[in-house]
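A.B. asks: mind folding the following:
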Amino acid sequence: MRPRRSSSPTDEPVTPGFQACPAKTFWRADGMLTVGRSVLEHCNVVGEVARELISRYPGKLGVDLFPVGAELVAACHDIGKVSPCFYERIRRACTSASPRQPLLQLPNVAPELESQWGGHAGVSQVAVKALNVPPYVAEILGQHHGYSPSVAGFRANDDVLGGLSWQRERVALVEALKQRLRCDWPQVRSVPQARLLAGLTSVVDWIGSGSFFEDPAQPWQGRIKPALDDAGFIRPDYRMDLSFEQVFGFPPRPAQQQLIDAVAGPGVYVLEAPMGLGKTEAALYVAYRLLAAGQANGIYFALPTQLTSNKIYERFNDFLQGILAPECRHRSLLLHGKVWLLDTEMGEEGRPGGAWFNHAKRGLLAPFAVGTIDQALMAAMNVKHGFVRAFGLAGKVVILDEVHTYDAYTSTLLNALVELLRELHCTVIILSATLNRERRQQMLGAAVSEEAYPLISAAPRQKPVSEWPVPSGAGHEVNIRLLDDPRAALAEALERASRGQQVLWIENTVVEAQERYLDLAARAAELGVACGLLHSRFTAEDRQRIEDRWVSLFGKDGWQERARQGRILVGTQILEQSLDIDADFLVSRFAPTDMLLQRLGRLWRHAGTPREPAACCEAWILAPDLEKAIIAPLSAFGSSAHVYSPYVLCRSLEVWQGMDSLCLPQDIRTLIEQTYVQRQEDGVMAQWLHELDHGTLRRKGRKALAQLARVALAEGGNTLPESKAQTRYSEQDSHEVLLLRAAVQLPEQKATRLILLNGQQLLLPWARHQRDKRGWRELSASLMRQTVPVRVQDAPECLPIDTLSKFALQHCFYLGDPAHDEAVLRIALVDETGALRGLQGAQIHQKYTLGYRDDLGYRVIKEHG
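C.D. replies: Residues are numbered from 1 along each chain as shown. A predicted model of the protein is given here:
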């Protein structure tokens, strides 16, 4: 039952005055918790951090992006801490009284009631709303912890919020901050700018809560710039006037030069070109020119999924090493191997155990990062801290790599993201080998007419769309064979590899890739053929080891090694995306046309690659009979029909029927348009189209998903936790599983001993103050390399947060917020046989046996019979 609320001025509660209200607690060196900085000081700090951060944007970007007075919004985020419930919660939390700032005991105050109005953030929102602030401002203050608080029905002078006397103190605090910062409320022009300002407010709050400002006895005025430097917000310095050849070591091809000439500034640009044409280098050079001209403040390179190889990081970092000035500090902060996590400090949310101590998220705030498109998509969604992602992307060159026609649900989100980025003065460069006209038109936000391929489409900010056909160059022919006999393909792969060929085998699921590897490995060894497996479900440590070997062997670095022996590399979709690998022979499970074309792009990729004399450019595609597939796609396509839409698989199979060869890139446009052109269906194909649109018991249809996407994009309603923020039509890996040999509690040492899979031992103190901040970052980064991403249904059973906290894992991992239904870390112990066991004897899984091997990865073993 909600407590009585009243606006009556009688019986006002005790009000200590805003100058005496604490914002923080502070851990002393002796482990005692005492009163930290006051609300006034903390808000002042955060406002000054915001002002300094805005000033660090290059050129006019800061002025274009942020309204005058933005720093006051950031400063006022915590005025809701001037409230009796928060005050009393701080007083009760302290284990040692502060002689500098003794706290009064407030009678009849229940801090646990704060959850009813979203805590102090909710108080901030209703407090400034009563001041008739400009549109969006009150909601921005309420959202600074990542979500909109439930403040419906609450008013600033309600008794539970302290009544009129506490509201007067909050108003006085706002006036004091206006005087200190010498500014007034800003006029926020649009929803995108409101998201940007909300993101700024959250980030500067994190920095203003960090180690530079924790000790209330230390003056803060000289620490603003060092704190921002330490958080990584340093304006990069570039080598100027570099040519394309100076950056990459070779002159630009005609298609690359055309993109360079087409990009005149912020806007949306689409480069459709075949695999291996150098789209990545063209986009990166465009980014360099904009950065050097002060028209952008960073790069976010968005890859299709987290499956994509670490090799793209190496290419990206080589590029950055070439364009950054020798003295630029960011040369040592490149986002590779989680180094940036170790070298930057970003307050409570960004510390180990915080929700943003995660390279996938923090990458959005780094000046240069490679990440997933999922993280970028959430910038446009009503998801927790979605606006922090929007802030991180604002003003950057955002490169969206390997965008396909498939997946209408993601397309709805992607269209919204592109529109948001356009409003945030970004330069969006969309790279694709396989777009149809409809998707290109949606992303550009304007009509297009050109059917040529390759093609550049440009929509500079506030200018009309223009299109330029690009010379395709000489094509090459690929022989195609469709068959429904994996045994014949296995024999062919082994036979060709035994002659010295480099063979690529791509499955659509991790389980099938593991099965193929087991089918091939023993027989390959007998023939002197090397066999490897690469997919997403390895620990980062094992994954990097496998990639370093196999991607190098199948790339240019391995040319001298190719003649030594034949090889077979088995994998999943990771092998079709953003990898410069070159196979002599390809076997692929059937997939939608755009994915098949991507896979063919890894076949005979470079003219100079040395090959076994009898090798020919050929791909065998494991596909069912078309008639059987149309009648019963689930049984015909098997697991692939759980990854891709049965209707799209059938449409694709129609297009590939009877094909014995194709010419790349000349046939790409035709194949894509034939697959995705809308048409009237009848018979069973009408049923599969209806299921695609309207869904089944097993999975939602694309119309429902598009509606979900629109709901996720809506500004109103409840903020989604990240675990519920679906960005894909197909199921994605969404749980991190920490794999260890052992986890032993040591009460006498007040620590936990963790034994890693390689035998290394780590000591995890139970008390945070027993390690310094860098020590915790290093420990956390080491443990993050022991995690595996898996699907929800394949993850070990969830353990209570209290159980994981007893092992002190909350100091290294974000364990979740039960109040907002957040996902929590899963943990499993790997025994000497490779089987997974639960922590302290807990059940590992209700249905399956789970395992892990360094050559097979994470395994889900289903019992049959």
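A.B. asks: hey, let's count contacts and neighbours off CA atoms from now on
C.D. replies: Will do.
A.B. asks: which non-adjacent residue is nearest Q19?
C.D. replies: The spatially closest residue to Q19, leaving aside those adjacent along the chain, is L40, at 6.3 Å (CA to CA, 6 or more residues apart in numbering).
A.B. asks: so when I look at that neighbour, I'm seeing a helix, right?
C.D. replies: Yes - L40 forms part of a helix when assessed by DSSP: H, G, I helix; E, B strand; the rest coil.
A.B. asks: what's around it, how many residues?
C.D. replies: Residues near L40, counting by other CA atoms under 10 Å, number 24.
A.B. asks: got the buried residues for stretch 615-628?
C.D. replies: Neighbour counts over stretch 615-628 (16 or more other CA atoms under 10 Å) mark 617-624, 626 as buried.
A.B. asks: off-centre distance for it?
C.D. replies: Its chain's C-alpha centre and that of stretch 615-628 lie 34 Å apart, by CA atoms, centre = their mean, to the nearest Å.
A.B. asks: now stretch 319-330
C.D. replies: Between the centre of stretch 319-330 and the centre of its chain there are 24 Å (CA atoms, centre = their mean).
A.B. asks: residues making contact with that stretch?
C.D. replies: Outside stretch 319-330, the residues that touch it by CA atoms under 8 Å, 6 or more residues apart in numbering are 232, 234, 236-240, 242, 247-248, 284, 288, 331.
A.B. asks: tell me the one of those residues nearest A110?
C.D. replies: Taking CA to CA as the measure, A110 lies nearest G232 of the contacts of stretch 319-330, at 39.8 Å.
A.B. asks: so what's the residue nearest to Q19 up against?
C.D. replies: L40 makes contact with 18-19, 21, 173, 177, according to CA under 8 Å, 6+ apart.
A.B. asks: any chance of a PyMOL selection covering the buried ones in those?
C.D. replies: Applying 16+ other CA under 10 Å to these, the buried members can be selected in PyMOL as follows:
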select buried, resi 18+21+173+177
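A.B. asks: one step back: the contacts of stretch 319-330: which two are farthest apart?
C.D. replies: Pairwise distances across those (CA to CA) peak at 26.4 Å, for the pair G232 and F248.
A.B. asks: neighbour count winner among the two?
C.D. replies: Applying other CA under 10 Å to G232 and F248 shows that G232 carries more neighbours, namely 21 against 15.
A.B. asks: mind telling me what element that one is part of?
C.D. replies: Using DSSP states H and E, G232 sits within no helix or strand.
A.B. asks: ok, back up a step: okay if I get the contacts of stretch 319-330 as a markdown table plus secondary structure and distance to S652?
C.D. replies: Listed next are those as a markdown table, based on DSSP: H, G, I helix; E, B strand; the rest coil; distance: CA to CA, whole Å:
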| residue | secondary structure | distance to S652 |
| --- | --- | --- |
| G232 | coil | 47 |
| I234 | coil | 48 |
| P236 | coil | 46 |
| D237 | coil | 48 |
| Y238 | strand | 46 |
| R239 | coil | 47 |
| M240 | coil | 47 |
| L242 | coil | 44 |
| V247 | helix | 40 |
| F248 | helix | 37 |
| L284 | helix | 33 |
| Y288 | helix | 39 |
| R331 | helix | 45 |
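A.B. asks: can you give me the first-to-last residue distance of stretch 814-831?
C.D. replies: Using CA to CA, to the nearest Å, one end of stretch 814-831 lies 25 Å from the other.
A.B. asks: for the stretch 601-750 of the chain, which spans come out with low pLDDT?
C.D. replies: Across the stretch 601-750 of the chain, the ranges flagged by pLDDT under 70 are 698, 700, 702, 705-734.
A.B. asks: now the helices for it?
C.D. replies: Ranges of helices within the stretch 601-750 of the chain are 626-631, 633-637, 640-643, 646-656, 668-676, 683-694, 702-713, based on DSSP state H, counting those that start in this stretch.
A.B. asks: A686: how many residues sit nearby?
C.D. replies: Neighbours of A686 under the rule other CA under 10 Å: 13.
A.B. asks: which one is it nearest to, not counting chain neighbours?
C.D. replies: Excluding its sequence neighbours, the residue lying closest to A686 (CA to CA, 6+ apart) is Q680, at 7.9 Å.
A.B. asks: do the same with V648
C.D. replies: What sits nearest to V648 in space, not counting adjacent residues and going by CA to CA, 6+ apart, is P592, at 6.3 Å.
A.B. asks: distance check, that neighbour against V655.
C.D. replies: According to CA to CA, P592 stands 10 Å off from V655.
A.B. asks: who has more neighbours, those two?
C.D. replies: Using other CA under 10 Å as the criterion, P592 and V655 rank with P592 on top: 23 against 16.
A.B. asks: what residues are up against that one?
C.D. replies: By CA under 8 Å, 6+ apart, the neighbours of P592 are 406, 644, 648-649, 652-653.
A.B. asks: quick check: domain ranges of this protein?
C.D. replies: According to automatic domain parsing, the chain comprises the domains 18-230, 244-469, 476-664, 735-861.
A.B. asks: worst mean pLDDT among these?
C.D. replies: When those are compared by mean pLDDT, domain 244-469 comes last with a mean of 83.
A.B. asks: can you classify V171 as helix, strand or coil?
C.D. replies: helix.
A.B. asks: got it, and S457?
C.D. replies: strand.
A.B. asks: ok, now how distant is the closest residue to it other than its chain neighbours from S432?
C.D. replies: Leaving out its chain neighbours, the residue that sits closest to S457 by CA to CA, 6+ apart is E467, at 4.4 Å. To S432, E467 is 15 Å away according to CA to CA.
A.B. asks: got a list of what L836 touches?
C.D. replies: With CA under 8 Å, 6+ apart, L836 has these contacts: 828-830, 844, 849-852.
A.B. asks: again, only using 6 Å
C.D. replies: Residues in contact with L836 (CA atoms under 6 Å, 6 or more residues apart in numbering) are 828-830, 850-851.
A.B. asks: so what's A530 up against?
C.D. replies: With contact taken as CA under 6 Å, 6+ apart, A530 is in contact with R567.
A.B. asks: can you do 8 Å?
C.D. replies: Residues near A530 by CA under 8 Å, 6+ apart: 521, 524, 565-568.
A.B. asks: next one: F637
C.D. replies: 623-624, 629, 646.
A.B. asks: how distant is stretch 591-603 from the center of its chain?
C.D. replies: For stretch 591-603, the gap between its own C-alpha mean and the chain's C-alpha mean amounts to 24 Å (CA atoms, centre = their mean).
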